[in-house]
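J.: Give the three-dimensional model of this entry:
(one chain, ligands or ions: 1)
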Amino acid sequence: MAEAGTQELVSFAKQGSVGVITINNPPVNALSPGVPEGILKFVKDAALDASIKAVVLIGGGRTFIAGADIREFGKMTSGKRERLSMNPTLATLEDSPKPIVAAIHGTAFGGGLEFAMSCQYRVAIASAQVGQPEVKLGLIPGAGGTQRLPRLAGVAKALDMCVGGDPISAKDALASGVIDSIVDGTSGDDLLAGAVKFAEALTGPHTRTRDKSAKLSDQAGSAAAISAAREALKKKGRVLIAPAAAIDAIEATTRKSFDEGLKVEAELFQKCLFSDQSKGLIHAFFGERAVSKIPGIGKDVPLIPIKRAAVIGAGTMGGGIAMNYVNAGIPVLIKETSQELLDKGLATIKKNYANSVKKGRFSQEEMDRRMALITPTLTYDGFEQADIVAEAVFEGMELKKKVFAELDKIAKPTAILASNTSTLNIDEIASATSRPQQVIGHHYFSPANVMRLLEIVRGKASSPEVIATSMDLSRKLKKVGVLVGNCRGFVGNRMFGPYRREAQFLVEEGAAVDAVDAALYEYGMAMGPLATGDLAGLDVGWRIRKEYKHTEVAGVRYPEAEDRLCELGRYGQKTGAGWYKYDENRQRHLDPEVDRIVLEVAKERGIPRRPIDAREIVDRCIYALVNEGARILEEGFALRAVDIDIIYLNGYGFPAWRGGPMWYADTVGLKNVYERVGEFHQAHGYHWEPAPLLQQLAKEGKSFADWDKGRE
Ligand code: 3H9
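T.: Residues are numbered from 1 along each chain as shown. Prediction:
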C-alpha cells in the first residue's frame, strides 16, 4: 500500500445535505499514512460547510477499513517511522458538530472499528463483519477500542471480542449495540443509499461514545467477566502478552475515566507492539499470504476448473480429503477395495459430520446435503469425469505406481492426479503414467479435514496449470497451500526427522521422557515430540526407517530406543503404550518399562548418561529443525524461509507467536545459532554438521529474512 496523496486515498462528494467521505485504499482500505489525515481534513471541511447537515464515512471497493496498515508496525519498531497516536484524530471525529455515520460493508476491523466507534452512528449491510482482531497480531486495540467498545457493547462482549479476536456478524453487532442499524441490500451502492437516508433523518443532539458512561464500574457483571477472562487465560497455561494486556486495558474502563483509560491502553499497546510475540505473529500474517506467490507462475496461468473430484482410499486420510472437497461444495467419488472398508470409511465421515451437528457448527440438513455429495464406489466408474483424483492408498511405492498406471488409463487428459504421499518420490510415481505433467503431490496432515496445512509437492514435470490450480484449490478447501520440492519427506517431515531424532537421543543420554516433552511444551509447541510420536503412531516412522535402512551411514548414531518400543508392539496411543503408557481415557503416564529399555540401549551403545537441562533440550530439538531447514532452503526444496515457517505453524504445532523455526532463529541471531550448532557438532558429530547456508548467513551477519528478500 503505497503512500499517495490525500486526494487519491480519500475523496469527498455531496449528496444533497449529506457529505460523503470515501476511502480509496485498495485492497482493504487500511489506515496507511494519508488515510486518517484525509478523513480528518474532510470532517473539518464539512463542519465549516453550512450546506452539510451530516456526514457518511464509507469505504470504496469491497470493504470498510480493515484496520491499521500492518506493514507500518515494522517501520515503527525499527525506528524508521514515528508512531503517531490516532486518538486526537478520533477525538475530532467524535467532537464533530455534524453527526458522522460510519457505513460498513466487508470488514470493519481493528483501527477500522475504532474509527467507526468514534463516529456518532454506525450502519452496516447484513454481510458485514466487525471485530478487534489485534490480539491475533500480538497487539491490543491501540486507538481507543478497549475504551469505546465496552461503553457500546458492555465489558463482557468487549472482552470476548478483544481477547478472542474473532469477528462478529452485523446481526450480532446490532444486538450488542456496536452498530445502530442494518441497511437493506447487499452492495456498496445499497449501503451508501441506506447510510445517506439514515443520515438525512438524523435530528437532535448526538451522544459521543466516550461520554456514554464516565466509568463502567456500575455495569452489572463486569468484575465477574474480567476475572472469568483471566481464569480462562490461566487455564490455557501459556504466557501470551496481548490477551492479558487486552483484559487489563478493558478493566481500566471500570476504574478510570475515558482519558485515563486511553493512557493505560496506549502504554499496553506500546508494550505489545515492541514484543517479539507481535513481531512473530505479524511475520506469520504476511507469511501466510506470501506463500501463495510462486515465482514464474503468475495470474495469467489458466486454472483447471475443479467441478468434480475422486479419492482413492477411504481410510483416515482418504476420508478426510473427501470431506475437504465436500465442504467446499465439490462432489466426490470415494473408492475402496472392499465393501467393508468402504462402509467403515463412510461411517467415519458420517460420525465426524454428526459431531459437527451436535456441536452446533451446522444443521442436520447441511450434513445431509454434504453426505449426498459423496458417492462411494468399488470401481473406477465415473472417474473419467473427475477434474482431480486424490490418491490416498497405503504408503508404498509399488502400490502407488500401480494405482497411477490405472488412473492413466481412465482419467481425462486434463485431470490433476494428486498423490497424498508423505515421503515417496513424486517423479517416480509420475513415471507410472504417460502424463507426468498432470501429477503432483497433495500432502495433507492428519486429521486431513482439520489441519490447515497442505504441502503441494512439485514434481519435475508438474505443469504450471497443475501447480496454479493446486494453490488455488488449497484456498477453496480453506487450507494453507505451500509449494515444496520433491525431496525425501518434502519440507515438513524432512525437518521433523532430525527434531524427533534429537528428542530420542536426549532421552538415551539421560533426559526423562516427560522432561523432554515438558521443555518443548514450555517453549510453545502444541505437544512435546515424544507425545506427538505416540499420537501419530511410532510404527509410521519405524516402517520408513526400515525402508531406508540401506541409506544409513555406518558408525553413525541411530535412535535405537524407539525401534525397540516398536518391536514390543508399543506403537503409541493406538496400542495403549509407546513412550508413555495410556489409560482408558488416553491419559498418559510414565512407564518404568521405557526407562529400562532406554538404559539398556545406553549401556549397549556406550552412551554416557548425564543430567540435561531444559535449555539444552530446546536448543537441540529446535536447532535441529533450523539446521535442516537451512539445507532445504539452499537446495531449493522450499521457495523461501517463510514457507518453512508457515509449514511449521500450520502442520506441526509450532507456536505462531514465535513466527516459525526460521524466524525464531533470526530472532536469536544466526551467529548465535551457528555457534550453538557448532558446539553440538563438537559434542555429537555427524548429525550436527552445520548447514552451509547457516554458516554463510551467520558469517555475513545476515538473517533468513535477508535471504528471502534476496529472492523477491
Ligand atoms: C490495528 O488495526 C491496530 C489498531 O488498533 C491501532 C492503530 C490504529 N494492513 O487477507 P487478504 C493485505 S491492527 C496491510 O489476502 P482477504 C494482505 O497482506 C490491524 N495490509 O484478503 C494482502 O496483501 P497481498 C487489525 C493488509 O479478502 C491483501 O491485503 N486488522 C491488511 O482474504 C489482501 O488480504 C487486521 O488484523 C492490513 N491491515 O481478507 C485485519 N489487511 O495481496 C487483517 C490485509 O499483497 N486482515 N492486507 O498479499 C485480514 O484479516 C484480512 O486481510 C481481511 C481480508 C479479512 C481484511
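J.: Near Ser470, how many other residues are there?
T.: The tally of other residues near Ser470 (other C-beta atoms under 10 Å) stands at 25. C-betas here are computed from N, CA, C, even on glycine.
J.: I'd guessed it sits against Gly481; true?
T.: Yes - using C-beta atoms under 8 Å, Ser470 makes contact with Gly481 at a distance of 6.5 Å.
J.: Quick check: neighbours shared by those two?
T.: Ile456 (C-beta atoms under 8 Å, 6 or more residues apart in numbering).
J.: got the contact list for the residue nearest in space to the middle of the chain?
T.: The C-alpha lying nearest the average C-alpha coordinate of the chain belongs to Asn650 (C-alpha atoms, centre = their mean; 5.8 Å). By C-beta under 8 Å, 6+ apart, the contact list for Asn650 reads 451-453, 480.
J.: did I read that right, it in a helix?
T.: Yes - looking at Asn650 with DSSP: H, G, I helix; E, B strand; the rest coil, it is inside a helix.
J.: now stretch 26-33: how far from the chain's centre is it?
T.: How far stretch 26-33 lies from its chain's middle: 22 Å, per C-alpha atoms, centre = their mean, to the nearest Å.
J.: who's in contact with that stretch?
T.: Counting by C-beta under 8 Å, 6+ apart, 1-3, 9, 23, 25, 35, 59-70, 72, 86, 106-107, 111-112, 115 sit against stretch 26-33.
J.: Spatially, what comes nearest to the residue nearest to the centre of the chain if we skip its sequence neighbours?
T.: Closest residue to Asn650 apart from its sequence neighbours, by C-beta to C-beta, 6 or more residues apart in numbering: Leu453 at 4.0 Å.
J.: OK, contacts around that neighbour?
T.: With C-beta under 8 Å, 6+ apart, Leu453 has these contacts: 444-445, 479-480, 482, 492, 646-647, 650-651.
J.: which two in those are spaced the farthest apart?
T.: Tyr444 and Ile646 (15.4 Å; C-beta to C-beta).
J.: residue contacts, the residue of the stretch 301-450 of the chain at minimum distance from the ligand?
T.: Among the residues of the stretch 301-450 of the chain, Ala328 lies closest to the ligand, at 15.4 Å counting by C-beta to the nearest ligand atom. Residues counted as contacts of Ala328 (C-beta under 8 Å, 6+ apart) are 476-478.
J.: rerun that using 10 Å as the cut-off
T.: The contact partners of Ala328, by C-beta atoms under 10 Å, 6 or more residues apart in numbering, come to 306, 309, 373, 473, 475-479.
J.: Tell me, how many residues neighbour whichever residue of the stretch 251-400 of the chain sits closest to the ligand?
T.: Nearest to the ligand in the stretch 251-400 of the chain, going by C-beta to the nearest ligand atom, is Arg289, at a distance of 3.7 Å. Neighbours of Arg289 under the rule other C-beta under 10 Å: 11.
J.: In which helix or strand does it reside?
T.: Using DSSP states H and E, Arg289 maps to helix 276-290.
J.: Does anything pack onto that helix? Which helices or strands?
T.: helix 71-77, helix 241-255, helix 258-273, strand 480-484, helix 641-651, helix 661-668, helix 704-709 (3 or more C-beta pairs under 10 Å, 6 or more residues apart in numbering; DSSP states H and E).
J.: Kindly recompute the last result at 6 Å.
T.: The contact analysis (3 or more C-beta pairs under 6 Å, 6 or more residues apart in numbering; DSSP states H and E) places helix 276-290 against helix 641-651.
J.: which residues touch stretch 371-389?
T.: Stretch 371-389 is touched from outside by 306-310, 326, 331-335, 342, 346, 407, 410-412, 415-417, with contacts defined as C-beta atoms under 6 Å, 6 or more residues apart in numbering.
J.: And that stretch, what's buried?
T.: 373-374, 376, 380, 383, 386-389 (16 or more other C-beta atoms under 10 Å).
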